[in-house]
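Chemist: using only what follows, build the 3D model:
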Amino acid sequence: MPGFAVAGLATLVAFLLHLALPAIPLLTAAVGLGMIVGQIPATQRLLDTVLKPGIALAARRLLRIGIVLLGLKLSLYDIAGLGWPTIIVIVLVVGITFAATLGLGRLMRLPGTQPILIAAGFSICGASAIGAMSAVTRSKDEDQATPVALVTLCGTLAIFILPALRFPLGLDYADFGLWVGLSVHDVGQVVATAQIAGPTALAAAVVVKLTRVLTLAPMVAIVGFVKRRRDRRAFRAEDQGRSSAGAESTDRAKRPAIVPLFIVGFLAAVLVRTFLLGDGVMGAAVAGSVLSVADTAQTILLGMALFALGSNIRFATLARTGWRALIVGLASWLLIALLSLAAVALLR
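Modeler: I've put the predicted structure just below:
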């Protein structure tokens, strides 16, 4: 309870900061507060002792519930309205960015599962994608900290840099919204960036961004399938080495799920949003109320989870070992921005 209470209080403070400075998304403020708290020696001791159980639970369980609720923002009808050329381009941008970032991360010899987590965060949907991918890769909390810090940093910079480039690049409202939706990581950061150019840019950016979010499920499934096959081969080799001693196979016990349960819940939420909370099935008023409550709950849960993830970040450690991850993150950010800009020109 102490850890939960602190995460909840931090989310409230992040909300107040967002009200005072609307350009800063609430979830970005929550991560930032966590990062600040994680650097203070007195609070570090609390985070490592009395607050640790609640913080750990928030970083994992609440994040997954928030991802499920994120599915209620997605309507398959809105995505279909983009047209096949735009959908294909979105999938290509996500796939190319993911593969290139993963390859660069491995080339730079990033530790643990950092390469695949950074790839997921930058190519799909920021910290939410990192949390989802960490479930199927069974990543440690310290492996998540650096990717979360990087997507928060680059996403926050995008809020200020992309609007400044709009006029030099000659982008109209719709093109700018498409560029933002394709290249900015977190949904809140997309909203904060696109709304500067007005409602037309915002509408285009949100639909494109949520279409990127939908690629989370197949990407997690692919990674889960690959990991399952690799683990099966490793477990079989291990079991063969122990077979002479009569040890039982642990293959089934150790296999990770191909698709975590909360990703199934995310897809179910997308279907509910499309067919039950769409046009007229439950009534506009009822559907609007349900979506409003779900959106508030999702924001609170993700705010608490991202504060918890941010509190695991230690700048002193990043200064010693994080420079390679910073290079990978900045390169991935530049790549997706350029790919997205090329996509905008292609779709004109």
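Chemist: low pLDDT regions in the stretch 201-348 of the chain?
Modeler: Applying pLDDT under 70 to the stretch 201-348 of the chain flags the ranges 231, 234-260, 278-285, 317-322.
Chemist: span of stretch 181-200 from start to end?
Modeler: Between the opening and closing residues of stretch 181-200 lies a distance of 12 Å (C-alpha to C-alpha, to the nearest Å).
Chemist: which SS class is Trp333?
Modeler: helix (DSSP: H, G, I helix; E, B strand; the rest coil).
Chemist: for it, list the residues it contacts.
Modeler: Shown in contact with Trp333 (C-beta atoms under 8 Å, 6 or more residues apart in numbering): Phe122, Cys154, Ala158. Glycine gets a C-beta too; all of them are placed from N, C-alpha and C.
Chemist: Ala158 versus that one, what's the distance?
Modeler: Spatial separation of Trp333 from Ala158 under the definition C-beta to C-beta, to the nearest Å is 8 Å.
Chemist: same check, this time on Arg314
Modeler: Arg314 is 25 Å from Ala158, by C-beta to C-beta.
Chemist: and if you look at Leu169?
Modeler: Looking at Leu169 against Ala158, where the rule is C-beta to C-beta, the gap reads 14 Å.
Chemist: ok, the two, which is more surrounded?
Modeler: Taking other C-beta atoms under 10 Å, Leu169 and Ala158 do not tie; Ala158 has more neighbours (21 against 13).
Chemist: grab the nearest non-local neighbour of the more buried one.
Modeler: Once its chain neighbours are removed from consideration, Ala158 has its nearest residue in Val184; the separation is 4.9 Å (C-beta to C-beta, 6 or more residues apart in numbering).
Chemist: check whether that neighbour really touches Val191, as I assumed.
Modeler: No: with contacts defined as C-beta atoms under 8 Å, Val184 does not count as touching Val191, sitting 9.2 Å away.
Chemist: what about the two, which has more around it?
Modeler: Neighbours were counted for Val184 and for Val191 using other C-beta under 10 Å; Val184 has more, 30 against 17.
Chemist: next, find the distance separating Gly71 from Ala204.
Modeler: Here the distance between Gly71 and Ala204 works out to 21 Å (C-beta to C-beta).
Chemist: tell me which of these two has more neighbours.
Modeler: Taking other C-beta under 10 Å, Gly71 and Ala204 do not tie; Gly71 has more neighbours (26 against 23).
Chemist: run through the residues that contact the more buried one.
Modeler: Contacts of Gly71 (C-beta under 8 Å, 6+ apart): Gly265, Phe266, Leu267, Ala268, Ala269, Val270, Val272, Arg273.
Chemist: count the residues that sit near the closest residue to it other than its chain neighbours.
Modeler: The spatially closest residue to Gly71, leaving aside those adjacent along the chain, is Ala269, at 2.9 Å (C-beta to C-beta, 6+ apart). Residues lying near Ala269 (other C-beta under 10 Å) number 21.
Chemist: cool, Tyr173 as well?
Modeler: In terms of burial, Tyr173 registers 17 neighbours under the definition other C-beta under 10 Å.
Chemist: please apply the same query to the one 3 residues further on.
Modeler: Look at Phe176: counted by other C-beta under 10 Å, it has 27 neighbours.
Chemist: check the gap between it and Leu27 for me.
Modeler: Spatial separation of Phe176 from Leu27 under the definition C-beta to C-beta is 22 Å.
Chemist: cool, Ala331 as well?
Modeler: For Ala331, the distance to Leu27 - C-beta to C-beta - is 24 Å.
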